[in-house]
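Structure for this input, please:
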Amino acid sequence: MLLPVLSVISWIVVAAVFVVPMFILSDTGTGESVSPAVYVLGFLATMALSIVTVFFTGALVAGAHERLSGGDPTVSSSMRRAMSRISGLVPWAILTATVGMVLRALRERAGFLGNIISSIGGFAWELASFLTIPAIMIDDLGAIESLKKSGSLLRDTWGENLAARVGFGILGVVAAIPAVIVVALTGSVGGPLLIVGVILAVIYVAIAFSAITAMSAIFQTALYLYATSGQVPADFADSNLRNSFARK
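Okay, here's the model as predicted:
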């Protein structure tokens, strides 16, 4: 659960490195058009933030795989494993960020039809690429090879894949409800109590986000191991999660 927290902190730091100069360059005060350097920095920021996200996701998968293999992972061991796969993680981060930008541009510029196409394309991309990072981390494949393998495994895992996407999304919404209630109740009183309520809500959301992100990575790793070996990981054998895995 510490890895998602480190991911968010790193994301904020990297974002600040790019946002501050972008703000300075865009604030001309003369009404002139925005400098091309702002767009370049925006592109580089998108790539850098994608690399941060993918790296820490890889570290989560590494930790989950080590645990499912009978090991005792730590934050440092997970990050070292991710560093050893950096040659696959960085190209994948660049590729997935590029696809995201293309889909976003299509959605913004192609009107209603573009919205439909980009939504369908984005959903299909997420399904097909769901197991890419486990392929990079576990089998030490390159970005393109991992994407191909993820796509080839989709035939046997589409049900679990879809269930994970929907299930963890619903879990995130449900987990956020207590925070909303706390802010609403303290907001009705106002004053210092509202500040306390907001602080408690932020702490709670951070913990919930970390837990759900970690659980998602564990499920993703277990699904990859099952899809490639046909065996349910031992840690899932005596739990209800075993029912999540079944050959179509």
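
Report the distance from the least confident helix or strand in the chain by mean pLDDT to the chain centre.
Least confident element among the helices and strands of the chain, by mean pLDDT, DSSP states H and E: helix 111-128 (a mean of 81). How far helix 111-128 lies from its chain's middle: 18 Å, per Cα atoms, centre = their mean, to the nearest Å.

Residues in contact with it: which ones?
Residues from elsewhere that reach helix 111-128 (Cβ atoms under 8 Å, 6 or more residues apart in numbering): 99-100, 103-104, 106-108, 110, 147, 150-151, 154, 158, 161-162, 165. To be clear about C-beta, it is placed using only N, CA and C from the backbone, and glycine gets the same treatment.

Now, of those residues, which are buried?
103, 106-107, 147, 150, 154, 161 (16 or more other Cβ atoms under 10 Å).

Just to be careful, could you list which of those residues are in helices?
If you go by DSSP state H, the buried ones among the contacts of helix 111-128 have 103, 106-107, 147, 150, 154, 161 in helices.

Looking at the buried ones among the contacts of helix 111-128, which is nearest Phe43?
Nearest to Phe43 out of these is Leu103 (Cβ to Cβ; 15.5 Å).

ok, that closest one to Ile136 distance?
22 Å (Cβ to Cβ, to the nearest Å).

What of Asp72?
Distance from Asp72 to Ile136, by Cβ to Cβ: 23 Å.

what do you get for Ile117?
28 Å.

circling back to that earlier point, tabulate the ones in helices among the buried ones among the contacts of helix 111-128 in TSV, adding columns for distance to Leu171.
TSV is the format used below for those (distance: Cβ to Cβ, whole Å):
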residue	distance to Leu171
Leu103	25
Leu106	30
Arg107	26
Leu147	27
Ser150	23
Leu154	23
Asn161	16
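
What segments of the chain are strands?
Counting by DSSP state E, the chain forms no strands at all.

Show me the shaky parts of it.
Residues of the chain meeting the criterion pLDDT under 70: 27-34, 237-248.

roughly how far apart are the closest residue to Ala234 other than its chain neighbours and Ala179?
The shortest distance from Ala234 to any non-neighbouring residue, by Cβ to Cβ, 6 or more residues apart in numbering, is to Leu68 (7.4 Å). Between Leu68 and Ala179 the computed distance is 31 Å (Cβ to Cβ).

do the same with Ala110
Taking Cβ to Cβ, one finds Ala110 at 36 Å from Ala179.

For burial, what's the neighbour tally of Phe56?
For Phe56, the neighbour count with other Cβ atoms under 10 Å is 24.
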